[in-house]
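Peer 1: got a structure for you, letters missing:
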């Protein structure tokens, strides 16, 4: 299909990537602010060690420079879909635990959830432009609920930390995708 290789498609891809990079930067800034507020409001130690969050692929990846643009987009989309479910669950838990006593934290969580949803949609648009529609969300069940309140707080801390890391990786992935070339896959000598 010539559409994906046309100059207008390349310009559209670069434009979408540039907007995605800005979205990822804004999201990371907001997540860092939310993380600070979350730690304070939940009474957690900011340096607490948290296990990997089930259902979210880690942002760190081996052989990053060998991934194709499509692989990068698919991994990003899977992560942000998982974050969307986890943040929705966190928002519900926060409302149950704190009620309206901490509306500011609830608003901040809701704002980040909205940004994550918008970013997932943005990634879907990029996949469509790459002549590949986004995979369906079928089979994605709700994330497992932590048993206790403290476990919920720690999981929330882990989710926000990993989301901040994904925002950095996403910007890096989109910069790589914006580079001209077939599929924007780097050459073996190129490094990110």
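Peer 2: Received it, and whenever you're ready, just let me know what you need. Model, not experiment: these values are computed from the prediction. Numbers count the residues shown, from 1 in each chain.

Peer 1: quick one: the helix or strand of the chain with the lowest mean pLDDT to chain centroid distance?
Peer 2: Every helix and strand of the chain was ranked by mean pLDDT, DSSP states H and E. The lowest is helix 69-98, at a mean of 89. Centroid separation for helix 69-98 versus its chain: 7 Å, with CA atoms, centre = their mean, to the nearest Å.

Peer 1: Could you list the low-pLDDT ranges of this structure?
Peer 2: 1-5, 98-101, 133, 138-146, 181-192 (pLDDT under 70).

Peer 1: ok, which stretches of it are helices?
Peer 2: 7-42, 69-98, 103-129, 149-178 (DSSP state H).

Peer 1: a markdown table for the ones you listed, including mean neighbour count and distance to residue 62?
Peer 2: Every residue, glycine included, has its C-beta placed from N, CA and C. Shown next, in a markdown table, are the helices of the chain (neighbours: other CB atoms under 10 Å; distance: least, CB to CB, whole Å):
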| stretch | mean neighbour count | distance to residue 62 |
| --- | --- | --- |
| helix 7-42 | 16 | 21 |
| helix 69-98 | 20 | 12 |
| helix 103-129 | 18 | 22 |
| helix 149-178 | 21 | 13 |
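
Peer 1: Next up, the contacts around residue 102.
Peer 2: 41, 94 (CB atoms under 8 Å, 6 or more residues apart in numbering).
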